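K.L.:
Quick one: sequence and predicted model below, then my questions.
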Amino acid sequence: MSEISVRLANDAERSVLERLWLMFRHDLSEFGGLLPNPDGSFRSEWLQAAFDDTDWAPYLLTSGEHPVGLALVRGLGGYTRVLNSFFVVRGARRSGIGMRAVQEVVARHPGPWEVAFQDANLAAVHFWRRVAAEIAGEAWTEDRRPVPGRPDLPPDVWISFDVHV
C-alpha cells in the first residue's frame, strides 16, 4: 500500500471525511478521556470549519479507491499554517503513506508550519519528530503550550518548522 493521493476534498467527499473524522476522534479519545456525544458522534467544529471557512483546507488521503486518511489545515490567510488534524487509518500506518501525505500537504502551502500532539501519544511523538527532521533537517523547534480551556490536561507539544518549495 504505497500509492497515495492527496487532494483537496470537495463537498461531495464531505461524508467520507466525516466518517474518517469519527475514527480520528475515537483514536484521540484515549489521550483526553473524551467520550462520544449521546448520538455517537464526536465534536466536529474543526471539520466543519475546514469545509466552510476560507482560512482552512480539508484534504482527503486515498490509496487507489480507498480513503486512508485526512488532513485539516488552518491559518491559510495568516503567517503560520497549522496542521490542525492529521489521521491515517490503522491499516495504512507504518507504510510510509503518512510521511508522504504530510510532505505533500505542507508543500502546497510553503512557509512556517506548526503541528500539535500529546506526549502520551507515543506513536505521534515519534512520527511528528521524524516528519520535522525529514522536512526541515535540524531547523525545527519543539515547545509545550497549555491546552486552551482545559487546565485539567497536560500541555500539548508543538513542533514548528518552515517549508521552502
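P.N.:
Yep, it's here. Numbers count the residues shown, from 1 in each chain.

K.L.:
can you pull out the helices in the protein?
P.N.:
14-32, 45-52, 97-107, 122-136 (DSSP state H).

K.L.:
in this protein, what residue sits furthest out from the centroid?
P.N.:
residue 38 (25.2 Å; Cα atoms, centre = their mean).

K.L.:
Test for you: state the pLDDT assigned to that one.
P.N.:
Per-residue confidence at residue 38 stands at 78 (pLDDT).

K.L.:
what ranges of this structure fall below the confidence cut-off?
P.N.:
1-2, 29-33, 35-37, 40-42, 44 (pLDDT under 70).

K.L.:
cutoff 90 now
P.N.:
For the chain, applying pLDDT under 90 flags the ranges 1-4, 21-50, 64, 89-96, 118-121, 147-154, 164-165.

K.L.:
Just want the most central residue of it.
P.N.:
Centre-nearest of the chain using Cα atoms, centre = their mean is residue 86, 1.9 Å out.

K.L.:
right, and it touches residue 68 too?
P.N.:
No. Assessed by Cβ atoms under 8 Å, residue 86 is found out of contact with residue 68, at 12.0 Å. Every C-beta, even on glycine, is put in place using the N, C-alpha and C of the backbone.

K.L.:
that older thread, list the residues that contact the residue farthest from the centre of the chain.
P.N.:
Going by Cβ atoms under 8 Å, 6 or more residues apart in numbering, residue 38 touches no other residue.

K.L.:
ok, now how distant is it from residue 147?
P.N.:
Distance, residue 38 to residue 147, by Cβ to Cβ, to the nearest Å: 24 Å.

K.L.:
go on, residue 22?
P.N.:
22 Å.
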